[in-house]
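Student: Provided below are the primary sequence and the corresponding predicted coordinates.
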Amino acid sequence: MSDVLITGATGFLGSHLVGAAAGAGCGPRAVCRHSSDTSRVRGCSRIDRIDMLDPGAYRCAMEGVSTVFHLAGATSARSREAFDRSNAAVTSAVLEARRLFAPEARFVFVSSQSAGGPSGSRPITPYGRSKLLAECIVRRSSNWVIVRPPAVFGPGDDAMAPMFRAAAKGVFLSPAGRGGVPLIYAKDLADYLVRLADAPDAEGRTLEPSYGKVFGWSEIRDLLQTASGRRVVRIPVIPPLVVAAGWICGTAGRLTGRSPVFDFHKGREMVAKGWTACDPSRAGVPGWTPATPPEKAFSETMAWTGQRL
């Protein structure tokens with residue numbers, strides 16, 4: 001395989017993708033914002049700091065690549081406009097850069113299951129709406145693949161680290177009831193993305209790689225308990241309190257000028273019913289299935305979290 005370009009390489013999933021691409025014999029290149037921390041990016045042949053809204057700024061990094069993996073974006077923001085700028089406007093700029101400098105390259109856009117919401121066709125958060133808007137922009141181009149991962153976890157994930165830290169102390173807070181979430185391990189998703197680069201049946205499709213099931217809250221508690229090696233008590237929280245806690249976190253973030261990972265909208269997503277998971281056989285890569293059992297994935301993530309306590 002030839003060189004590939006990864007936007008968002010400095011992020012949680014992006015750093016895993018750099019490693020997977022290098023391991024597969026690709027030459028990963030990265031572009032990032034001027035303010036990005038590149039300390040955890042290892043294995044890139046080049047890292048360019050650019051204005052990501054300027055298509056011309058991608059020229060040196062993009063010329064000659066066979067695949068563009070577009071992961072850059074915002075999972076938290078202080079306004080709808082900020083989400084749209086980071087997720088939709090940047091996507092438009094990367095697509096224009098590909099048209100100018102690598103027109104034959106496949107464009108793999110990592111969206112989110114939030115773009116479809118629980119129903120699969122209607123997002124329920126500003127983040128999901130901005131990802132859906134970006135998908136619409138991608139669909140107007142050529143040689144593209146859209147990937148909608150569910151909740152992604154693994155070493156390096158600061159968003160889910162609080163859950164693992166709490167479990168290490170014997171506590172798991174979750175919405176009350178019998179709901180749950182589909183999941184995918186970051187290392188498995190990175191491997192999947194690399195294989196997707198030249199999968200012949202993937203072009204023009206929207207794909208949802210996962211473990212192929214929705215993990216119930218009690219099942220997640222059991223996985224955390226096994227990973228932590230201690231008894232973990234699940235504390236169910238009624239949905240209105242989950243959403244209220246999100247509102248408080250979001251309000252505090254706005255007052256302090258921060259973009260919290262958990263807010264009112266994330267709370268709504270967490271308590272929403274109807275999330276689904278596609279069988280791995282329908283993920284567009286023949287023979288692909290997550291290689292890491294959930295038990296091992298949770299244990300590796302718990303070990304990483306323990307190193308940061």
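Tutor: It's in.

Student: In the chain, what residue spans correspond to helices?
Tutor: Taking DSSP state H as the test, the helices found in the chain are 12-23, 59-62, 80-83, 90-101, 126-139, 161-168, 186-196, 217-228, 239-256, 264-271, 294-307.

Student: In the fourth one, which residues are buried?
Tutor: In other words, helix 90-101. Neighbour counts over helix 90-101 (16 or more other CB atoms under 10 Å) mark 90-95, 97-98, 101 as buried. Every C-beta, even on glycine, is put in place using the N, C-alpha and C of the backbone.

Student: What of the last one?
Tutor: Taking 16+ other CB under 10 Å as the basis for neighbour counts, the residues of helix 294-307 that come out buried are 294, 297-302, 305.

Student: for those, which one is nearest residue 166?
Tutor: Of all the buried residues of helix 294-307, residue 166 sits closest to residue 305, with 10.0 Å by CB to CB.

Student: residues in contact with the residue nearest to that closest one when sequence neighbours are not counted?
Tutor: Of all residues not flanking residue 305 in the chain, residue 164 sits nearest, at 4.0 Å (CB to CB, 6 or more residues apart in numbering). Residue 164 makes contacts with 224, 227, 301-302, 305, as judged by CB atoms under 8 Å, 6 or more residues apart in numbering.

Student: In CSV, list those along with distance to residue 143 and pLDDT.
Tutor: Shown next, in CSV, are the contacts of residue 164 (distance: CB to CB, whole Å; pLDDT from 0 to 100):
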residue, distance to residue 143, pLDDT
224, 41, 97
227, 40, 96
301, 34, 97
302, 40, 96
305, 39, 92
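
Student: Spell out which two among those residues are the most distant pair, please.
Tutor: Spatial extent of the contacts of residue 164 (CB to CB) is set by the pair 224 and 305 at 10.5 Å.

Student: so where's the chain shaky on pLDDT?
Tutor: Across the chain, the ranges flagged by pLDDT under 70 are 1, 309.

Student: Could you double-check that residue 69 sits in contact with residue 11?
Tutor: No: taking CB atoms under 8 Å as the definition, residue 69 is not a contact partner of residue 11, at 11.7 Å.

Student: Looking at these two, which one has more neighbours?
Tutor: Neighbour tally, residue 69 and residue 11, criterion other CB atoms under 10 Å: the higher count belongs to residue 69, 32 against 23.

Student: Look up the residues forming beta bridges with that one.
Tutor: Beta-bridge partners for residue 69, by DSSP bridges, are residue 6, residue 108.

Student: how close does it sit to residue 162?
Tutor: Between residue 69 and residue 162 the distance is 28 Å, computed by CB to CB, to the nearest Å.

Student: likewise residue 264?
Tutor: Going from residue 264 to residue 162 by CB to CB gives 17 Å.

Student: again with residue 47
Tutor: Taking CB to CB, one finds residue 47 at 29 Å from residue 162.

Student: re earlier: of the buried residues of helix 294-307, closest to residue 108?
Tutor: Closest to residue 108, out of all of these and judged by CB to CB, is residue 297, at 22.5 Å.

Student: Please identify the nearest residue in space to that closest one, excluding sequence neighbours.
Tutor: Leaving out its chain neighbours, the residue that sits closest to residue 297 by CB to CB, 6+ apart is residue 185, at 4.0 Å.

Student: Test my guess that that neighbour contacts residue 293.
Tutor: No: with contact defined as CB under 8 Å, residue 185 does not count as touching residue 293 (9.2 Å).

Student: quick one: which of those two has more around it?
Tutor: More crowded of residue 185 and residue 293, by other CB under 10 Å: residue 185, with 25 against 11.

Student: Who are the contact partners of that one?
Tutor: Taking CB under 8 Å, 6+ apart, one finds 152-154, 290, 292, 294, 297 in contact with residue 185.
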